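Asker: please find the sequence and the predicted model below.
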Amino acid sequence: MHGSRLLMLFAALALGGCGEIWNSPYAGSDRGKSILYTSFSERPKHLDPAQSYTSDEAEFTSQVYEPPLQYHYLKRPYELIPATALEVPKAKLYDAQGKPLPADAPAARVAWSEYEIRIRPGILYQPHPAFAQNAGGEPRYLALGESEIRDKYEISDFAETGTRELLAEDYVYEIKRLAHPRFVSPIFGHMSEYIVGLKELADALQKDDKAILAAHEAQHGKADRGYPWLDLRKADLSGVKVIDSHTYSVRVKGKYPQFVYWLAMPFFAPIPWEADRFYAQRGMNQGRNLTLDWYPVGTGPYMLTENNPNARMVLARNPNFRGEAYPAEGEPGDAAAGLLADAGKPGPFVERIVFSREKEGIPYWNKFLQGYYDSSGISSDNFDQAVRIGLEGDAALSPQMEERGISLKTSVAASTFYLAFNFLDPVVGSLSERARKLRQALSIAVDWEEFISIFANGRGISGMGPLPPGIYGYRDGADGVNPVVYDWVDGRPKRKSIDAAKRLLAEAGFPDGRDQKTGQPLVLYLDTVARGPGDKARLDWYRRQFTKLNIQLEIRATDWNRFQEKIRAGNTQLFFLGWNADYPDPENFMFLLNGAQSRAKTQGENAANYANPAYDRLFEQMKNMDNGRERQAIIDQMVKIAREDAPWVWGYHPKDYALSHAWMKNGKPNNMARNGLKFLRVDTALREQRRAQWNQPLAWPIVLIVALLVLGSLPAWASFRRRERMPARPGIAGTAAAKAG
Amino acid sequence: MFAYIIRRTLYAIPILIGVNLLTFALFFVVNTPEDIARMQLGVKRVTPEAIEKWKAERGYDKPLLMNAGAEGVGTVTETIFFEKSARLFVFDFGNADDGRSIGHEIATRMWPSLALALPVFLVGLLVNVTIALLMAFFRATYLDFWGVVLCVAMMSISGLFYIIGGQYLISKLWNLVPISGFSASVDGFKFLALPVAVGVIGGVGSGARWYRTFFLEEMGKDYVRTARAKGLTENMVMFRHVLKNAMIPILTGVVVVIPTLFMGSLISESFFGIPGLGSYTIDAIQSQDFAIVRAMVFMGSVLYIAGLLLTDISYTLVDPRIRLE
């Protein structure tokens, strides 16, 4: 009886679950629900919109916070449209006497620009205890004693919640927070150059806060971190005004047309003073992480309901969200791709978004293949499994992916990776003919097409200048070719021959890679943070590129901090760097070569310390212009100068590859914004069916292993028994038996 | 024994100060406070003023070890080292460099670490001792020989191989348990089954071989021969005498590990998505968060010292001849 039961159990195991899935990482109760499953690898450092600046963090903050503007979900080139605002604000320009100027007034005449932002009425915040009120209409949780907070560890521990309407003052409150004395907003330095009064506000707050903290220290001691609330409503920010309950204005120094792009970033999202007051109560941040940096409060389509950045983050639909219509128009091809099927329907379409933390690529990729993540990027390790590159360089899915109904979407990122020459270096820097020709020769020799093919699995396009595709000013085809490095042959760019590079090198005074005057071989130095065993192939490749010109390349590998320090000090010769766009305006790339932005001189973003007065003059003109023929002409001139001077080997613009399962709808890559999750839709029935199909458990191998172990241990058991019964000395047992007989 | 424990606890204080000083020196040899600030603030649009403000907010604007500008004890106390280290001794870990509470993190993360480490430790111990006893019992037979060969082979294979192989076989090919993840509820078992199995199997090679040597050493002693001469069964000899006497060397290696189980496993937690203290430490090292690294090294040292003390105490329990004075 006992044996037959055991046999039945083994049989059940061997047959598997028969329809049941055993390897699902999600709760059974979530099966069939409208949930989007995705992942994150780095724990977000900040969820406070004034502090958060990375794209990883924006994946969360962009769903919760709503700045006044946003990018159109489907249209490309990227187009700004209202989010909570009624319209995209137009700058009103004024001269130094405060007289209005026409919109096309030259930048030199403009003393300040004013943006008036009108907010749509009736927008509500997510339910949150900061808004809860008692029966008398008084705030329920804004004057808590320490004892009332002692048992609160999660935001859900506060039983009551409330909401209120979004007001213009909330946007103003957040702009003031950029100057907060108790934390650093990464854009404060930049914004204080533009927003009138922001720098003065920071100084005033710093002074006030010193007195507040001194009083706090006297009362509670130095180590106590329960600092009192700093009420920013009372602080005066001269350039930012609340006009009425739903309108506010921002005054910006000079002409700064790119300011509207900042209004699409979470830095300019609203923060209700109640939330700031709520989290500033004594005890909230003492071992509890009850802070705005941990539990955001917004008006967006989702709210953060579970914040465990070590394992998972969960966004749930904000019940107070007004609904936002899915766009009815996009770029050509969107309709055919099914991206307009949901036109006009109010989003968000999924009820919950579950972000699971995956630190390692292997489990992440396998979970995607099992259907437990709805979409995925492609790492180099999995590239060959997922994608086949055709002879023409076109990417297509592998048969295995096609069989699973997975789709591939590619887009060129608004980023650029480049090899920079330090202009402060006596050999490769300066605008001298000698240095310029040396840089041009190297620009030809370093074969980026080969690099992209070998090290990026073909995911990228060679750079022709500082601008990536999709940014205004970028030129495609024959018009866009860099004539210093390429010829246009048979309808495509062809890298110039290495002989052309050698000629340039000789003209630079280094024939055959030797200094004409001294006869010494030319040795150049590359600073890099790549120093692991995995980087060897890449470093060898760099050396080979330089060897084509008989130039020796010395690799100076260092850690990230030293590398940055060297760049800041202008202590490098060559180095690799990259830039991701903040906003889709050519100014955001062209400024990387502006002399006034020199990293070594001004700690700006021009890491190559390139300085060409002609380029800088044109930059000053271009940066404040509206897009149009005139601006394009100036950009063309700037690109021409930069190509001639070759301060960078133009590197490449990476291509993003994204895979989605068949049940994922409406996905479209967006390099500028992360707030598109509200428009994603999931066919849950199809997902359940596929998961069940792909994940049938196979238990017989385990049964077999156990059986083999049992069988294998039987001889040992028999031997053990035999030993136990064996007499200490052979023959003794027989003698004893005889005596007994 | 009480006096002994007090004395050992007092000895721990200079050791912990030394560990702190060493961690501090090693960390700040490669990272300046400015590097830490830049790491936290990112590289885009960060002004020197922002760096200075960040440093001032977190107390990194002071001298490292000696404040020549201060007077009296202030020369020592108004330094980064003192301010960051002194409160550790009352287990106030303060905030991480990103501003979040380290104490909160430790309190929440130690349970997932324990959920993995404790079963691996207990099951691993049981399995290793069992296999070692078996090999010792069948000493000088083919079973012992091939057992040792297998153990050497298993201990020569990287732990990563067991993890990736286990994930591939058990989770991907056979679809039996999730590849990675964690749940604090009852269904957490399905997430832990694979990492525990991998942890146990990965440790069998070295563990069983190690314990086998203890058992063989004991089996060659006179009291074992006497036990056999008395006519005791081999079963009795092995379990009642050999196992008990081999416990002292086993305890040396085992008890010291018990407190450090809280600290988690660096690699397993990362691969299996277990949000424990091991992955917390790895994250901190990668993001150069000195506050966390310092706290975790301090915690590790305290637990290790506690483990050594527990080992000493456990000797008295298994060997009545030993007295702690």
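Answerer: Sure, I can see it.

Asker: ok, the residue lying closest to residue B:247 once chain neighbours are set aside - contacts?
Answerer: Leaving aside its chain neighbours, residue B:247 sits nearest to residue B:318 (4.8 Å; criterion: C-beta to C-beta, 6 or more residues apart in numbering or on different chains). Heads up, the C-betas are built off the backbone N, CA and C, glycines and all. Residue B:318 makes contact with B:244, B:247, B:248, B:251, according to C-beta atoms under 8 Å, 6 or more residues apart in numbering or on different chains.

Asker: distance of residue B:318 from residue B:221?
Answerer: 16 Å (C-beta to C-beta, to the nearest Å).

Asker: repeat that for residue B:257.
Answerer: 26 Å.

Asker: so between those two, which is more surrounded?
Answerer: residue B:257 (16 against 13; other C-beta atoms under 10 Å in any protein chain shown).

Asker: thought that one was touching residue B:122?
Answerer: No. Between residue B:257 and residue B:122 there is no contact under C-beta atoms under 8 Å: 11.4 Å.

Asker: gap between the residue nearest to residue B:247 and residue B:246?
Answerer: For residue B:318, the distance to residue B:246 equals 10 Å [C-beta to C-beta].

Asker: so what's the residue in the stretch 1-150 of chain B positioned nearest to chain A up against?
Answerer: Residue of the stretch 1-150 of chain B nearest chain A, by C-beta to the nearest C-beta: residue B:47 (3.3 Å). Contacts for residue B:47 (C-beta under 8 Å, 6+ apart) come out as A:188, A:189, A:190, A:603.

Asker: what about those, which one has the most neighbours?
Answerer: For the contacts of residue B:47, the largest neighbour count, defined by other C-beta under 10 Å, is 26 neighbours, found at residue A:188.

Asker: pLDDT score for that one?
Answerer: Per-residue pLDDT puts residue A:188 at 93.

Asker: contacts only, for it.
Answerer: Residues near residue A:188 by C-beta under 8 Å, 6+ apart: A:178, A:179, A:198, A:202, B:47, B:50.

Asker: can I get the contacts of residue B:318 in TSV with neighbour count, pLDDT and secondary structure?
Answerer: Below are the contacts of residue B:318 laid out as TSV (neighbours: other C-beta atoms under 10 Å in any protein chain shown; pLDDT from 0 to 100; DSSP: H, G, I helix; E, B strand; the rest coil):
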residue	neighbour count	pLDDT	secondary structure
B:244	13	86	helix
B:247	19	83	helix
B:248	16	81	helix
B:251	18	81	helix
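
Asker: ok, so of those residues, who is nearest residue A:216?
Answerer: residue B:251 (50.9 Å; C-beta to C-beta).

Asker: where does the chain dip in pLDDT?
Answerer: Looking at chain A here, since you left the chain open. A:1-19, A:287, A:392-393, A:727-741 (pLDDT under 70).

Asker: you answered for a different chain; I wanted chain B.
Answerer: For chain B (pLDDT under 70), the answer is B:325.

Asker: just checking: what are the partner strands of the strand ranked longest in chain A?
Answerer: As assigned by DSSP state E, the longest strand anywhere in chain A is strand A:648-660. Applying DSSP bridges, strand A:648-660 is found paired with strand A:375-377 (antiparallel), strand A:407-412 (antiparallel), strand A:415-421 (antiparallel), strand A:460-462 (antiparallel).

Asker: hang on, the earlier thing: tell me which of the contacts of residue A:188 is nearest to residue A:611?
Answerer: Using C-beta to C-beta, the contacts of residue A:188 come closest to residue A:611 at residue B:47, 20.2 Å.

Asker: which element is the residue of the stretch 201-325 of chain B at minimum distance from chain A on?
Answerer: At 3.2 Å from chain A, residue B:275 is the closest residue in the stretch 201-325 of chain B, using C-beta to the nearest C-beta. Counting by DSSP states H and E, no helix or strand carries residue B:275.

Asker: could I get the contacting residues of it?
Answerer: A:308, A:310, A:311, A:357, B:109, B:112, B:182, B:269 are the contacts of residue B:275 under C-beta under 8 Å, 6+ apart.

Asker: quick one, which of these are buried?
Answerer: A:308, A:310, A:311, A:357, B:109, B:112, B:182, B:269 (16 or more other C-beta atoms under 10 Å in any protein chain shown).

Asker: not counting sequence-adjacent ones, nearest residue to the fifth one?
Answerer: Read that as residue B:109. Take residue B:109 and drop its neighbours on the chain: the residue closest to it by C-beta to C-beta, 6+ apart is residue B:277, 4.8 Å away.

Asker: what is the longest helix of the chain by residue count?
Answerer: Since you didn't name a chain, this refers to chain A. In terms of residue count, the longest helix belonging to chain A (DSSP state H) is helix A:700-725.

Asker: meant chain B actually
Answerer: Chain B, longest helix under DSSP H: helix B:102-137.

Asker: contacts for whichever helix or strand comes after that one?
Answerer: Where DSSP H and E defines the elements, the next helix or strand beyond helix B:102-137 is helix B:142-156. Helix B:142-156 is contacted from outside by A:716, B:131, B:134-136, B:138, B:201-202, B:204-206, B:208-209, B:212, using C-beta under 8 Å, 6+ apart.

Asker: buried sites along helix B:142-156?
Answerer: Neighbour-count burial for helix B:142-156 [16+ other C-beta under 10 Å]: B:143, B:144, B:147, B:150, B:151, B:154, B:155.

Asker: repeat that for stretch A:36-55.
Answerer: Neighbour counts over stretch A:36-55 (16+ other C-beta under 10 Å) mark A:36-40, A:43-54 as buried.
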